[in-house]
Every structure is written in C-alpha cells, then in structure tokens.
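[1] Predicted model, plus sequence, below.
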Amino acid sequence: MAEGRVGFELVSPERLLLSEDVEMVVVPGAEGDFGVLPRHTPMISIVRPGVIRVFENGAVKESIFVAGGFAEVTPERCTVLADLAMPVGEIDRAATEQQLKDAREDLADAKDDQARKVAEKAVAVAEAMLQAGQA
C-alpha cells in the first residue's frame, strides 16, 4: 500500500464490490458519518442506510449506497460488509418510491413487534435510497 493511502473493501452478500487503496473513505455509521484515513484508530461500527463516499485527490471519486451492515477499521484498512450495496447512479427512483410506499403499508399493517421492526427497516432503507439518489 502506498504512503498516505488506506485499503478499502466493500463486500455485499453477492460479491466483492470494491477493493482498492484510497485517499479516504467516509462511511455512514450508526452514530454519524465517519471518515477513515491511514493510521485510523481500530474500531467496529454498525453501518446505517446511507452513502459511502470514496475520495481521491480531495474529491469524491465514487458514491455507493449501502442499506446497512458493519464496518471494521484498522490503521491500514476499512472493510464494510453491507446488506445491500449499489452505485448511487444505479438507483431507480420510481422503483424506490414504490418500495417506500409498500414498506409504509407494511408498517401500517404490522401485527407484532417483529413485523413492525422489519417494516421500519424497509422504510428507512427506501427513504435513505431516495435521498441518496437526489444528492
């Protein structure tokens, strides 16, 4: 790895989406976005639905929507295990609006806590996906 770079891997259940050395990566953590640079303090974080931003030369090189997951950070590397991940440019607004409508209906119809939690997560993911697509 080159000096001043941090290894970044983004993995979804289907495949390895990205594996490269980058200048910086910003991850949507459960307690707020966090940036990872070389020599970062080790940590593990839950990843909330949002956009991972990969930086090169001080600018965003890639924006990738993630539906949630976990991140592990070491001084040399950041690994994100995502529930679902896709480039922001591939978000289909009409399909996502329909997913949000369906999720809100499921939430209104939820009969127990488990069904409510599943529907709440689906609403949060669809809302974050719509917001990512507008940015």
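    Okay, I see it.
[2] bridging residues for the residue nearest to the spatial centre of the chain?
    Within the chain, the residue whose C-alpha comes closest to the C-alpha centroid is residue 66; the distance, by Cα atoms, centre = their mean, is 2.8 Å. On the basis of DSSP bridges, residue 66 is bridged to residue 50, residue 85.
[3] next one: residue 27
    Per DSSP bridges, residues listed as beta-bridge partners of residue 27: residue 34.
[4] Got the confidence number for residue 134?
    According to the model's per-residue confidence, residue 134 sits at a pLDDT of 76.
[5] what's the distance between the strand or helix carrying residue 46 and the middle of its chain?
    Under DSSP states H and E, the secondary-structure element containing residue 46 is strand 43-47. Chain-centre distance of strand 43-47: 11 Å, with Cα atoms, centre = their mean, to the nearest Å.
[6] If you count neighbours, what's buried in it?
    Across strand 43-47, burial judged by 16 or more other Cβ atoms under 10 Å covers 45, 47. To be clear about C-beta, it is placed using only N, CA and C from the backbone, and glycine gets the same treatment.
[7] What of stretch 13-29?
    In terms of neighbour count (16+ other Cβ under 10 Å), stretch 13-29 has its buried residues at 17, 18, 22, 23, 24, 25, 26, 27, 28, 29.
[8] Much appreciated, bye for now.
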